[in-house]
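Chemist: Fold the following for me, if possible:
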Amino acid sequence: MADAEATKSLSGLLNGIAQKVYYHNSEMTEELLRRELYPDLSRDEFTDLHEKMRGFLKSIATADMDHAQLEAFLTAQTRKHGGGGVTAEQAAALSRFWRSQRLRVRESLLAQSRWEPGLRGLSWRVDLQTAASQGDAAHSGPVALMELELGRTGQDSEFVCVEFDEARVSQVLKKMLDIQRSIDSIVNRS
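Modeler: Below you'll find the model as predicted:
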């Protein structure tokens, strides 16, 4: 029975860490987890366990380990001597947790890595001067109009309209070419 309680407590700890770190549940505190799951451990012992499990979850999540990678990682950790590794029970709990939460943690990490607001759409057109409107010398050349649709997740879009004359379009294209060359030089170095 003690093993079952230890397994439940460890699973609860892993879920609590995920709630705090990946799902942004601010009510999930280290103190709450200690009080509810490990009331018999001293604060220092619990902090050590919490940080150890948090570190393992971070390593597993940032590598987005598949089942084979996870098993190899956990096997290596169980073979470590001293306090740096995990017990077989901890490895089993980590494996169960990751199998059930991998997709959700991955989605959370992806959402955290997105820039906000994001570009949702882009439309553009080029307006040319017609013979009837040649009286206005200020707008004698073609004009590029670009409409950007920007928005944050779960919110309505905002629209920004930008107008470019021929010289501005050339400047933008030159800057984009510079960016592409920089990217190519970095990619080709590897």
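Chemist: From here on, just use CA atoms for contacts and neighbour counts.
Modeler: Fine.
Chemist: how many neighbours does L122 have?
Modeler: When neighbours are defined as other Cα atoms under 10 Å, L122 has 13 of them.
Chemist: Use 48 as the first number from now on
Modeler: Let's use 48 as the start, then, which means that last one is L169.
Chemist: Helix, strand, or coil at it?
Modeler: strand (DSSP: H, G, I helix; E, B strand; the rest coil).
Chemist: tell me the contacts of the spatially closest residue to it that is not a sequence neighbour?
Modeler: Residue nearest to L169 in three dimensions, not counting chain neighbours: L195, with 4.8 Å by Cα to Cα, 6 or more residues apart in numbering. Contact analysis of L195 by Cα atoms under 8 Å, 6 or more residues apart in numbering lists L166, R167, G168, L169, S170, F206, V207, C208.
Chemist: Tell me the secondary structure at L195.
Modeler: strand.
Chemist: For it, give the beta-bridge partners.
Modeler: Beta-bridge pairing for L195 (DSSP bridges): L169, V207.
Chemist: Could you measure from S155 over to A108?
Modeler: In this view, S155 and A108 are 10 Å apart by Cα to Cα, to the nearest Å.
Chemist: go on, H114?
Modeler: Taken as Cα to Cα, the span from H114 to A108 is 12 Å.
Chemist: the more surrounded of those two?
Modeler: The residue with more neighbours, out of H114 and A108, is A108; 19 against 12, by other Cα under 10 Å.
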